[in-house]
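Chemist: can't give you the sequence, but here's the structure:
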Ligand SMILES: [Zn+2]
Ligand SMILES: [Zn+2]
C-alpha cells in the first residue's frame, strides 16, 4: 500500500510499504478514506521531535472503513465507518478510567524512552515518533488501530468525511483548550495561534460562553478565518500584543490565555527570536516558547493559561516570577480525544460544521508538496485533507 513516510528533516516520501494486519485481539484494520496534515506534523517534518526513524509512516488524523477486526472487538464490524482518535488508549487503566486517555498507561510499548525525556510516559500516538509508541500513522491507505473497541467512533449517518474527520484531533483539541479556561459569562479569552486548532479553540470559547475572544497570529488569511468564527483579531506584526490586550480588557488582561502555537513560535522581536533559534539549533533548548511567555505575561492576575500547542522538551526564559506572583494556573495536555468525540459529533449533527478550516483537498501522493505548502503557508494553506484512493 501507499503511505507517507518521514525520511529525515524536511523530507517526506510516499512509498510502498507492507499492509498492516491484526496483531492483537483488540485491533482493527481501517481502510483510510480521508487523512489530514496537522500543525504538529510540522514539528516532525522540521526535525524537532526526537526518536523518529527513516521510513516511519506519518499521520494521526484519519478516518475510514473498518475492513478487519480482531476477536476482542465486539462493537465494530467490517464495513463500519469510523473516525479514529489520535491518542491510543486501552480504556481500562487508571488514566483511562479517569477519562485521561492521552495518558493511557498501556498503549506506549516504548514507555522507557519517554520516561528518559519526560519522567513518565504519556499514551502512544499514531505516527508520532518511537518515543510515543512507534505506531505507523494514518497518512496511508490502511492503518492498524489498537484498542479499536475503545477509540474509534462510528459514523452511522451520511455526514461527509470533511465534517467529521477533525473529531480525530484538532476539533477536540481546540475544544479542550477552551474548556480548560473555565469560561464564565463576561470572560475575555485570548488565543495565540490562528491555525486550525486556534480557530477551533476560538469558536469553542464563544460556544462555551466567552464574551469576547481575541485571536493572535501574523498571517492575515488565518486571522480572517478566526474572525469569521467570531473572534476579534490581532496581528502581532502590526500591534504590541500586550498593549492591545490591556486596551481590550480595561488594563486587567484576558481572563484566560490559550497557547495554540507550541514549540516553534515566531516572535517579532528579532533578538529574542535569534536567541531561541540559536539555542534550539544547538540543542540547548528544544522548544521556542514565545507564545507561552507572552500568554503568561498577558493573563490577568489569578487567570488561567491553557496550553494545547505541542511542546517536545525543554524551554528557556520561562517567566516563573510572573506566573507565581500573580497566582496563575496552567492547564495543559494532549487532548483526551475519546472524551469529546460523542458530544462534538452531536454538535456537528446539530449544525456545527468544522469543515470551515479546510483550504486544500489533495491526493496522498501529493503529501510531499502538501507538507511544503503547509509549512511555508503558500496558497493561503490552512488545512490540507488528503485522499489515499
Ligand atoms: Zn493533529
Ligand atoms: Zn489506558
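Modeler: Good, I have the coordinates. Computed from a predicted structure; not experimentally measured. Residues are numbered from 1 along each chain as shown. Ligands and ions are numbered 1, 2, ... in the order given.

Chemist: all helices of the protein, in order?
Modeler: With helices called from DSSP state H, the chain shows them at 39-45, 94-97, 111-118, 161-164, 170-179, 196-207, 220-228, 241-248, 270-281, 290-298, 320-325, 337-349, 367-375.

Chemist: how far does the fourth one sit from the chain's center?
Modeler: Just to be clear, that refers to helix 161-164. Offset of helix 161-164 from its chain centre (C-alpha atoms, centre = their mean, to the nearest Å): 17 Å.

Chemist: so what does that helix touch, helix or strand wise?
Modeler: strand 28-36, helix 337-349 (3 or more C-beta pairs under 8 Å, 6 or more residues apart in numbering; DSSP states H and E). Glycine gets a C-beta too; all of them are placed from N, C-alpha and C.

Chemist: now the helices of the chain in TSV, with mean neighbour count?
Modeler: Shown next, in TSV, are those (neighbours: other C-beta atoms under 10 Å):
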stretch	mean neighbour count
helix 39-45	22
helix 94-97	16
helix 111-118	15
helix 161-164	20
helix 170-179	27
helix 196-207	29
helix 220-228	19
helix 241-248	16
helix 270-281	14
helix 290-298	24
helix 320-325	11
helix 337-349	18
helix 367-375	19
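
Chemist: weakest of these in terms of mean pLDDT?
Modeler: Sorting the helices of the chain by mean pLDDT places helix 270-281 lowest, at a mean of 78.

Chemist: ligand 2 contacts on the protein?
Modeler: Counting by C-beta under 5 Å from the ion, the chain comes close to ligand 2 at 89, 90, 93, 96, 104, 106.

Chemist: out of those residues, the closest to ligand 1 would be?
Modeler: residue 89 (15.8 Å; C-beta to the ion).

Chemist: OK, contacts around that closest one?
Modeler: Counting by C-beta atoms under 8 Å, 6 or more residues apart in numbering, residue 89 touches 95, 96, 101, 102, 104, 107, 123, 147, 150, 151, 338.

Chemist: of the residues you listed, grab the buried ones for PyMOL.
Modeler: One line in PyMOL is enough to select the buried members of the contacts of residue 89, burial here meaning 16 or more other C-beta atoms under 10 Å:
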select buried, resi 95+96+101+102+104+107+123+147+150+151+338
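
Chemist: for ligand 1, state which of the contacts of residue 89 is nearest.
Modeler: residue 102 (11.9 Å).

Chemist: hang on, that closest one packs against residue 336?
Modeler: Yes: the pair residue 102 and residue 336 qualifies as a contact (C-beta atoms under 8 Å) at a distance of 5.3 Å.

Chemist: which residues are in contact with each of the two?
Modeler: Shared contacts of residue 102 and residue 336, counting by C-beta under 8 Å, 6+ apart, come down to residue 87.

Chemist: follow-up on the earlier one: of all the helices and strands packed on helix 161-164, which lies closest to ligand 1?
Modeler: strand 28-36 (7.3 Å).

Chemist: neighbouring strands - and their directions - for that closest one?
Modeler: Next to strand 28-36 in the sheet, as set by DSSP bridges, lie strand 61-69 (antiparallel), strand 142-145 (antiparallel), strand 384-387 (antiparallel).

Chemist: ok now the lowest-mean-pLDDT helix or strand in the chain, how far from the chain's centre?
Modeler: Ranked by mean pLDDT, DSSP states H and E, the weakest helix or strand in the chain is helix 270-281, scoring a mean of 78. Here helix 270-281 is found 24 Å from its chain centre; the criterion is C-alpha atoms, centre = their mean.

Chemist: if I look at the one residue sitting closest to the centre of the chain, how far off is ligand 1?
Modeler: Residue closest to the average C-alpha location in the chain (C-alpha atoms, centre = their mean): residue 170, at 5.1 Å. Separation of residue 170 from ligand 1 (C-beta to the ion, to the nearest Å): 6 Å.

Chemist: OK, contacts around that residue?
Modeler: Residues near residue 170 by C-beta under 8 Å, 6+ apart: 36, 38, 61, 196, 197, 200, 357, 383.

Chemist: what does residue 280 give?
Modeler: 48, 286, 287, 288.

Chemist: could you list the contact residues of this protein toward ligand 1?
Modeler: 38, 40, 61, 169.

Chemist: and those residues, which two are the farthest apart?
Modeler: The most widely separated members of these, counting by C-beta to C-beta, are 40 and 61 (9.5 Å).

Chemist: list the buried residues for stretch 379-389?
Modeler: Across stretch 379-389, burial judged by 16+ other C-beta under 10 Å covers 381, 382, 383, 384, 385, 386, 388.

Chemist: any chance of the contacts of residue 89 in a markdown table, plus distance to residue 70?
Modeler: Converted to a markdown table, the contacts of residue 89 look like this (distance: C-beta to C-beta, whole Å):
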| residue | distance to residue 70 |
| --- | --- |
| 95 | 23 |
| 96 | 19 |
| 101 | 20 |
| 102 | 23 |
| 104 | 18 |
| 107 | 15 |
| 123 | 20 |
| 147 | 10 |
| 150 | 13 |
| 151 | 13 |
| 338 | 19 |
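
Chemist: now, the most widely separated pair of the contacts of residue 89?
Modeler: Farthest pair in the contacts of residue 89 (C-beta to C-beta) is 95 and 151. Separation: 14.0 Å.

Chemist: for the closest residue to ligand 2 within the stretch 251-389 of the chain, what are its contacts?
Modeler: In the stretch 251-389 of the chain, no residue comes nearer to ligand 2 than residue 338, which is 9.9 Å away by C-beta to the ion. With contact set as C-beta under 8 Å, 6+ apart, residue 338 has these partners: 85, 87, 89, 91, 99, 101, 150, 151.
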